[in-house]
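**Q** Need coordinates for the below:
(one chain, ligands or ions: 1)
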Amino acid sequence: MRISRTGRSLSAKLRTLACALALVAVPAAAQERFVTVQVDRPGAAVPDTLFGLFFEDINFGADGGLYPERVKNRSFEFPEPLMGWKQAAPGGAKGALQVYDRVGGSETPNSHYLRIRVDEPGKGFGLTNEGFRGVGVEGGKEYNFSVLARSAGTSPRSLRVEVVGADGRILGEARVSGFTPQWKRYAATLRATGTEAKARVNVLAEGAGALDVDLVSLFPKETWANRPNGLRPDLVKLLKEMNPGFLRFPGGCIVEGRTLENRYQWKTTVGAPEERRLIVNRWNTEFRHRPTPDYYQSFGLGYYEYFQLAEDIGAEPLPIMNCGMACQFNTAELAPLEDLEHFIQDALDLVEFANAPAGTKWGRVRAAMGHPKPFNLKLLGVGNEQWGPQYVERYKAFARVLKAKYPNVALVSSSGPSPDGKEFDYLWSQMRQLKADLVDEHYYKPPQWFRENVRRYDDYPRDGPRVFAGEYAAQSVGVARPENRNDWECALSEAAFVTGLERNADVVRMSSYAPLFGHVDAWQWTPNLIWFDNLRSYGTPNYYVQKLFSTNRGTRLLPVLLDGSPQNGRDGLYASASFDERAGEVILKLVNTEPARREVRVSLAGARGVGGGRSLTLSSSDLKAENSLDEPTHVSPVEATLDVSGSEFNYALAPNSLVVLRVKTMR
Ligand code: AHR
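**A** Numbering: from 1, shown residues only. Reported below is the predicted structural model:
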């Protein structure tokens, strides 16, 4: 990415320090503040899509994360075909390992396989897989082992799979046998006898002979919705509990690829997993300070699974298409305008895959994968974080064709990587002229920026394209700096900012924190919303901010005055409100970025029949507080009953807090 992402200047350090001090040193506000929710002046409907999710396969978010395959490089398709594997020969076994490639014009995307030749069987000859920074197993749980195999001449008697702990203990084993000269899938179930996050998997041929193997898989039986090839349940649960309005996928920069050849192409990610063509993940080489040579995309988690995930968690799917541009921070390769048809056809075919009846070409592919009913795609992104006239030309070409054929699919366009500046202004002016549907804005900024920009959208024109605040996260040190923390100061500053998004939900129709996932041992970028290792996961304070806003969205905006003024965010007090027509509740969000408790006098103007409610408080006196695998809910919401019976009441805001008040009222 940009140079500023890999180097941190002294002035940046000083700026960050100044921000931190600013938040800590503000004197306690003594006087009472007045918060008026104009219940009798309801505004725009709150879009269901206001708070959603940004998923990208970064930080081992897919392979090694949401996609819980335990074997890395299971098909020997990495450019170093034995990366992640090592020879294993317990008990004095002898033999040889040889990778073969079914070349010779074969179209197969999965051309490599491995021959295991056993000369002296010992306790089995074969290889061991290191997994994704280890192999996670839980005692008592079952794992499905499967392999494509054929005998090559004399067949070994059997193939043993075993999970081995760091101390050498066997934590479970299973066997398959009966090999023939034809390729066939063999499967067995392994029950783990112990729990370990960093075990390894041995695959050992027993008895002399030679065996060809491919697609060696160890997959947890327990997946989300118990689907074969399914997703990791704890991570999906965290997502679902956010009640997200949309799921953007597959990124992010991986849409673009470092080169156009390595861009994300959805058609290579559907169909049987063994037919999906592996490519390098562009984050493999992105940061010199976080090299990840073993980062590839197997596409076990592909477009079908993304659509299915969106459906499972109740989110609108939002796929982002490559628009003929490779990442402009890398090679910036362009597809010539006259060759753009192929890229546009991919977008048209994707809409057919998602929405057309099962009798159509791409609808048939979807149906064959198990989903005859359409996915009902309504949103589509054209390019990720592109900029310049090259982007505008390509966007126009896409929009012309897509709008003619699918006028009801709203298109998301780019405003580049920065939330202001020449490029940003240029793209916005172009998108206004083109009457674009939604413009995607990105801001990776210091926490202070979020507190200071809470009024960013107050004066945005209401008659042009709508805003998608598509990627944002407060950076405690600097953009994508490895020292960045998911601390309470960042989360609280984002909470303050989100009140501004919510107040302007008539123009800001969608928003999402980014990135979503980070593997604690394999990340490239930080901060991230959710962290995990091979067995456990947790939501950061930032996650709980997003969750509180999203699960308390309401259906109609209500104006809020602070001390009689519509200006949000004076002296560290921020607010937004909505009415939940289904629950009959006023929902008031208050953010206090002062390190002192502060009294507010709340008035629900025009509310009738006020009767009780509840509060949800997210706070910490320590701005550096974080959650962790061992303390996953250290900073998390606390619920209490709210004893109010009239339309006016006092409320004491905790220092450094986000509070959601839900008050029953007839309005
Ligand atoms: O969220 C990480 C990266 O930040 C995304 O891939 C990209 O769109 C942005 O630069």
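**Q** Could you break the chain into its assigned domains?
**A** For the chain, automatic domain parsing gives the domain ranges 5-45+557-664, 53-69+224-551, 85-220.
**Q** Those domains: which one's closest to residue 76?
**A** Nearest of those to residue 76, taken as Cβ to Cβ: domain 85-220 at 4.1 Å. Every residue, glycine included, has its C-beta placed from N, CA and C.
**Q** Can you give me the end-to-end span of that closest one?
**A** From its first residue to its last, domain 85-220 covers 20 Å (Cα to Cα, to the nearest Å).
**Q** same check, this time on stretch 527-545
**A** Using Cα to Cα, first and last residues of stretch 527-545 are 14 Å apart.
**Q** List the buried residues of that stretch.
**A** The neighbour-count check on stretch 527-545 (16 or more other Cβ atoms under 10 Å) flags 527-535, 537-545 as buried.
**Q** and it, does that touch the ligand?
**A** No. With Cβ under 6 Å from any ligand atom as the criterion, the ligand is not reached by stretch 527-545; the gap is at least 8.8 Å.
**Q** for that stretch, the distance to its chain's centre please.
**A** The chain centre lies 11 Å from the centre of stretch 527-545; the measure is Cα atoms, centre = their mean, to the nearest Å.
**Q** winner for burial among the domains of the chain?
**A** domain 53-69+224-551 (a mean of 21; mean count of other Cβ atoms under 10 Å).
**Q** Just give the closest residue to the residue in the chain that the ligand sits nearest to, not the sequence neighbours.
**A** Residue of the chain nearest the ligand, by Cβ to the nearest ligand atom: residue 252 (3.2 Å). Spatial nearest neighbour of residue 252, chain neighbours left out: residue 56 (3.1 Å); criterion: Cβ to Cβ, 6 or more residues apart in numbering.
**Q** now, which of the buried residues of stretch 527-545 lie within strands?
**A** Under the assignment DSSP state E, those contribute 530-532, 537-539 to strands.
**Q** what two of those are the furthest from one another?
**A** For these, the farthest-apart pair by Cβ to Cβ is 532 and 539; their separation is 10.3 Å.
**Q** Do I have it right that residue 391 meets residue 431?
**A** No. The criterion here is Cβ atoms under 8 Å, and residue 391 misses it with residue 431 at 10.2 Å.
**Q** What residues does the stretch 251-400 of the chain have near the ligand?
**A** Applying Cβ under 6 Å from any ligand atom, one finds that the stretch 251-400 of the chain approaches the ligand through 251-253, 384-385.
**Q** one step back: in contact with the residue nearest to residue 252, which residues are there?
**A** Shown in contact with residue 56 (Cβ atoms under 8 Å, 6 or more residues apart in numbering): 249-254, 514-516.
**Q** Output those residues as TSV; include the columns distance to residue 112 and secondary structure.
**A** Compiled in TSV, the contacts of residue 56 are given as follows (distance: Cβ to Cβ, whole Å; DSSP: H, G, I helix; E, B strand; the rest coil):
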residue	distance to residue 112	secondary structure
249	28	strand
250	24	coil
251	27	coil
252	28	coil
253	27	helix
254	23	helix
514	34	coil
515	31	coil
516	31	coil
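**Q** Among these, which one lies nearest to residue 557?
**A** The closest of the contacts of residue 56 to residue 557 turns out to be residue 514 (Cβ to Cβ; 24.7 Å).
**Q** Lowest mean pLDDT across the domains of the chain, which one is that?
**A** Taking the mean pLDDT of each of these, the lowest value is held by domain 5-45+557-664, a mean of 86.
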